[in-house]
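1. need coordinates for the below:
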Amino acid sequence: MYGATATVLLMINLPPEDQPPGEVFAPSTDESAMSKVGEQVLSNPSFVAFCWWAALAVTDADDEARESFHSLSFGGAADWNYDEARERIAGMSPIVPATKTHPNLAYVKFVDDPGENLTVINDAPIEACIVSMVLCDDGSWRVARVGGNALLPEDFE
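-> Numbering: from 1, shown residues only. Predicted structure coming up:
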């Protein structure tokens with residue numbers, strides 16, 4: 001996967017004035033952040049979201065980055081515009097692990113990147129861009145939607 005091991009992962013970000021009372025976040029090492037991604041296989045939605053994001057985070061988008069992005073997007077190049085997705089996710093990082101709400105549906109939250117790794121130690125509301133992911137017939141996960149109009153568990157009933 002393109003850039004999967006070279007990119008530092010953010011766990012969560014909230015400005016201090018927006019954080020709930022008490023200790024909600026703690027600093028995290030690169031190793032700890034990457035361990036939250038989990039197994040580096042396409043059957044892991046956290047890993048797929050991380051690789052999808054990494055393909056968009058490339059400074060000089062090349063053919064390899066675009067190909068990786070399209071291969072991790074449900075519908076591929078026919079349904080996704082690399083430049084539009086890149087603009088939508090610019091300056092954001094994923095919070096992992098993914099949240100599964102249905103056997104075929106997972107969500108990954110993308111938040112503003114504070115430039116350092118943080119980990120969640122308590123639940124807290126956050127402002128985020130929600131990325132909906134679907135499980136494909138081959139057992140791999142793909143990004144299906146970004147932002148509003150998220151897929152719901154009822155869409156799979």
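2. so how far is Ala90 from the closest residue in space to Asn104 that isn't next to it in sequence?
-> Distances taken as Cβ to Cβ, 6 or more residues apart in numbering put Leu135 closest to Asn104, at 4.4 Å, once the chain neighbours are dropped. Just so you know, the C-beta spots here come from the backbone N, C-alpha and C atoms, and that holds for glycine as well. Distance, Leu135 to Ala90, using Cβ to Cβ, to the nearest Å: 27 Å.
3. who has more neighbours, these two?
-> Between Leu135 and Ala90, Leu135 has the larger neighbour count (other Cβ atoms under 10 Å), namely 19 against 10.
4. that one is in contact with Trp141, isn't it?
-> Yes. Counting by Cβ atoms under 8 Å, Trp141 is a contact partner of Leu135 at 5.7 Å.
5. which residues do the two both contact?
-> Shared contacts of Leu135 and Trp141, defined by Cβ atoms under 8 Å, 6 or more residues apart in numbering, comprise 45, 106.
6. please, where are all the helices along this structure?
-> With DSSP state H as the definition, the chain shows helices at residue ranges 30-37, 45-57, 63-71, 82-89.
7. most neighbours per residue, which of these?
-> Neighbour counts (mean count of other Cβ atoms under 10 Å) averaged over each of those peak at helix 45-57, with a mean of 24.
8. counting neighbours, what do you get for the residue nearest to Ala128 when sequence neighbours are not counted?
-> Once flanking residues are discounted, Ala128 sits nearest to Lys109: 3.8 Å by Cβ to Cβ, 6+ apart. Counted with other Cβ under 10 Å, the neighbours of Lys109 add up to 19.
9. quick one: Lys109 and Ile126 touch, right?
-> Yes. If you go by Cβ under 8 Å, Lys109 and Ile126 touch, sitting 6.9 Å apart.
10. hey, what's the closest residue to Thr99 other than its chain neighbours bridged with?
-> Take Thr99 and drop its neighbours on the chain: the residue closest to it by Cβ to Cβ, 6+ apart is Tyr107, 4.8 Å away. Per DSSP bridges, the residues bridged to Tyr107 are Thr99, Ser132.
11. ok now do Tyr107, which residues does it touch?
-> For Tyr107, the contact set (Cβ under 8 Å, 6+ apart) comprises 98-99, 101, 130-133, 150.
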